[in-house]
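[1] The sequence isn't on hand, but the structure is:
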């Protein structure tokens, strides 16, 4: 080294030149000891273990920094000791052997005091090594310019990349860190100690790297190393791998067989396809269908490359037409997987082609729209929603008569408008061949008195009483010329009043929601002479011939608790006694006023509802076997339909 040592370094003994005379203020006392240590933080993290910095020089100054009074080199343990230091104030300055890229993180000129008592003091120098970083990108270079061009090149997302130790040979050492490529194929290792490493790309077998998947890099302090990593082919993943990702617009590729074709579910200029492999399935949305897309056959194997996002709550692959590739070969239609209402509702089979046997239809919406949802129950009693929304004119409401048992094949889908709110799960048949009638019941209307509110408490009885009817049959019924009566009055319906299969009618004393306690969509206002008694009453529904269709009664005030409606649980069972086991207290609040509430389910399914059992061939004409009068009456109401 070029510096002249003023001390004997090996013994680390401090020697002070003494003049012919001393200053009068020269302190006297016992000499002290100053111990110097220096370490290097190789990770830039103050909490990580530090490395002793051997060979660093340190100079000791007193009074002025123009001339040192002593200097030492740190030993292998990063320590140097000045002994026999006279009392006084000193400054310690490091010099010399500092690694490239390192910076001093502690004071560069600390001061120490040796007291006349001869104390021992310590000085520590801490150096940090500025880390480097690695940023690479894995992509298919479509235009050959060695740069990633968004919208032109294809990125490889979700690929694992490792950084491994370089031990000097051709074989990489231990894995030091790992990451996964993002939606643009980019991977980053932001803090690496300067030195040599291996980068290893764990590409799937379907992705052929244009560069080596294992290569050596050199990381410099405060430098960004940018390896170029490209591939040819497509970053194909399985449907299960794609479904396991969090969608953020990343590009993915999938190979599978079509379970729908271009015309099945398409609308509004867009084409919705479903693509399935052995691991699962995904919906594929194509903006404008080309001849290639329109010509693809059911069961044909295709490859798509697109962006992954969540559309209306559903994980969806959006694909440009040019990224839809028919792979050739003989189409092999996918066999539907056995499913249940529970699996559909839990989204376990989402996007798969499935089949549910023995779905009993319990509700078909009224209207003429070609898009409608049928409600059914499977053999286990779980709800199954069937979405009919396609261009097949042979699939219509007539295929879904209430009470029929159907075998339903279709795509298991979910719907969450705008990605917020509750998710609706459904099975969507592709055509009429996907709906097979396993058992058909005769078209019969079965109308019952389903719910009573004799004693509302948020409004007066004369404003808020209501009677609800329910048709648990599979045919609609026009109630024109039917009569409704109780112990106090009678009213004959003189208008067309149709109750659809599986539908409700709300009969009330008042139709004004500002007056009647927020009873909405009142279907019919009956005469005020019908006043449900608070201490007991009997309500009867008769057809135009005077035949009793249904009658219910309660004998005590327990049937008219203030603010509480009572509703039928199983519409197919005996409902004569309002206070019997087949009636339930309603718990849904439909109106509040101050501290008062009214509970009921007007024009909706009752709290405690039990779906009627499926009709059997032996009992298909019997509405409620335990009630012979009602069964006979119900059998007569079979042909009256909406005008």
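    Yep, that arrived. These figures come from a predicted structure and were not determined experimentally. Numbers count the residues shown, from 1 in each chain.

[2] And for the closest residue to residue 119 other than its chain neighbours, the neighbour number?
    The shortest distance from residue 119 to any non-neighbouring residue, by C-beta to C-beta, 6 or more residues apart in numbering, is to residue 32 (5.1 Å). Where C-beta positions appear, they are placed from N, C-alpha and C, glycine not excepted. Residues lying near residue 32 (other C-beta atoms under 10 Å) number 23.

[3] Quick check, residue 32 in contact with residue 116.
    No - using C-beta atoms under 8 Å, residue 32 makes no contact with residue 116, being 9.1 Å away.

[4] In which helix or strand does residue 358 reside?
    Assessed by DSSP states H and E, residue 358 sits inside strand 353-363.

[5] mind listing the helices for the stretch 351-500 of the chain?
    461-464 (DSSP state H, counting those that start in this stretch).

[6] related to what we said a few turns ago, would you mind grabbing the residues shared as contacts by residue 32 and residue 116?
    residue 87 (C-beta atoms under 8 Å, 6 or more residues apart in numbering).

[7] show me where pLDDT drops low in the chain?
    Scanning the chain for pLDDT under 70 picks out 1-27, 42-49, 204-211, 232-236, 267-268, 390-392, 614-643.

[8] Pop the domain breakdown of it in here.
    For the chain, the structural domains run 32-129, 132-233, 236-326, 346-439, 447-636, going by automatic domain parsing.

[9] Turn the ones you listed into a markdown table, columns for distance to residue 338.
    Shown next, in a markdown table, are these (distance: least, C-beta to C-beta, whole Å):
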| stretch | distance to residue 338 |
| --- | --- |
| domain 32-129 | 55 |
| domain 132-233 | 30 |
| domain 236-326 | 15 |
| domain 346-439 | 6 |
| domain 447-636 | 20 |
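
[10] that older thread, what values do phi and psi take at the residue nearest to residue 119?
    Main-chain dihedrals, residue 32, degrees, to the nearest 10: phi -120, psi -170.

[11] tell me the contacts of it?
    Counting by C-beta under 8 Å, 6+ apart, residue 32 touches 85, 87, 114, 115, 118, 119, 120, 121.

[12] what's the farthest-apart pair in these?
    For those, the maximum inter-member distance is 12.7 Å, found between 87 and 120 (C-beta to C-beta).

[13] Neighbour count: these two, which is higher?
    Neighbour count, other C-beta under 10 Å: between residue 87 and residue 120, residue 87 has more, with 18 against 12.

[14] What's the separation between the closest residue in space to residue 304 that isn't next to it in sequence and residue 301?
    Nearest non-adjacent residue to residue 304, counting by C-beta to C-beta, 6+ apart: residue 319, 4.6 Å away. Note on residue 319: its distance to residue 301, by C-beta to C-beta, to the nearest Å, is 15 Å.

[15] got it, and residue 105?
    Distance check for residue 105 against residue 301: by C-beta to C-beta, it reads 60 Å.

[16] Residue 107 too?
    According to C-beta to C-beta, residue 107 stands 70 Å off from residue 301.

[17] higher neighbour count, the two?
    residue 301 (19 against 12).

[18] residues contacting that one?
    Going by C-beta under 8 Å, 6+ apart, residue 301 touches 255, 256, 257, 326, 327, 328, 329, 331, 332.

[19] For it, which residues count as its bridge partners?
    Bridge pairing for residue 301 (DSSP bridges) gives the partners residue 257.

[20] returning to that earlier point: in terms of helices and strands, where is the residue nearest to residue 304?
    Counting by DSSP H and E, residue 319 is part of strand 314-326.

[21] Each with direction, which strands does that strand pair with?
    In its sheet, strand 314-326 lies beside strand 281-286 (parallel), strand 301-311 (antiparallel), with partners assigned from DSSP bridges.

[22] Would you pull up how far it lies from the middle of the chain?
    Offset of strand 314-326 from its chain centre (C-alpha atoms, centre = their mean, to the nearest Å): 21 Å.

[23] same deal with stretch 512-531?
    43 Å.

[24] Repeat that for stretch 350-370.
    For stretch 350-370 - counting by C-alpha atoms, centre = their mean - the centre lies 25 Å from the chain centre.

[25] Same question for stretch 507-514.
    Distance of stretch 507-514 from its chain centroid, counting by C-alpha atoms, centre = their mean, is 42 Å.

[26] Please point out which parts of that stretch sit buried.
    Neighbour counts over stretch 507-514 (16 or more other C-beta atoms under 10 Å) mark 507, 508, 509, 510 as buried.

[27] now do stretch 66-78
    For stretch 66-78, burial by neighbour count (16+ other C-beta under 10 Å) applies to 68, 69, 70, 71, 72, 73, 74, 78.

[28] What is the burial count for the nearest residue to residue 309 once chain neighbours are set aside?
    The shortest distance from residue 309 to any non-neighbouring residue, by C-beta to C-beta, 6+ apart, is to residue 247 (4.9 Å). Neighbourhood size, residue 247 [other C-beta under 10 Å]: 18.

[29] part of a strand, is residue 247?
    No - Residue 247 is assigned coil when assessed by DSSP: H, G, I helix; E, B strand; the rest coil, not a strand.

[30] who's in contact with it?
    Shown in contact with residue 247 (C-beta under 8 Å, 6+ apart): 308, 309, 310, 315.

[31] Could you identify the buried members of those residues?
    Buried residues within these, counting neighbours by 16+ other C-beta under 10 Å: 308, 309, 315.

[32] before we move on, back to that, okay if I get the buried residues of stretch 66-78 as CSV plus secondary structure?
    CSV is the format used below for these (three-state DSSP):
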residue, secondary structure
68, strand
69, strand
70, strand
71, strand
72, strand
73, strand
74, coil
78, coil
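
[33] and residue 240, which of the three is it?
    The three-state assignment at residue 240 reads helix, by three-state DSSP.

[34] any idea what sits nearest it, other than its immediate chain neighbours?
    Nearest one to residue 240, counting by C-beta to C-beta, 6+ apart, is residue 279 at 3.6 Å.

[35] what about that neighbour, helix or strand, and which?
    Assigned by DSSP H and E, residue 279 belongs to no helix or strand.

[36] can you tell me how far it sits from residue 332?
    Applying C-beta to C-beta, the value for residue 279 to residue 332 is 17 Å.

[37] for the stretch 101-250 of the chain, what spans make up the strands?
    102-104, 111-114, 120-129, 132-140, 154-155, 160-165, 175-180, 186-192, 195-202, 207-209, 214-219, 224-225, 228-233, 236-237 (DSSP state E, counting those that start in this stretch).

[38] Of all those strands, which one comes closest to residue 475?
    Closest to residue 475 of these is strand 236-237 (C-beta to C-beta; 50.7 Å).

[39] Tell me which residue lies nearest the centroid of the chain.
    Centroid-nearest residue in the chain: residue 313, 7.6 Å away (criterion: C-alpha atoms, centre = their mean).

[40] isn't that one right up against residue 425?
    No - contact criterion C-beta under 8 Å: residue 313 and residue 425 do not qualify, at 10.0 Å.

[41] hey, what's in contact with both of those two?
    With C-beta under 8 Å, 6+ apart, residue 313 and residue 425 have common neighbours 414, 415.

[42] Residue 581 belongs to a helix, doesn't it?
    No - going by three-state DSSP, the assignment for residue 581 is coil, not a helix.
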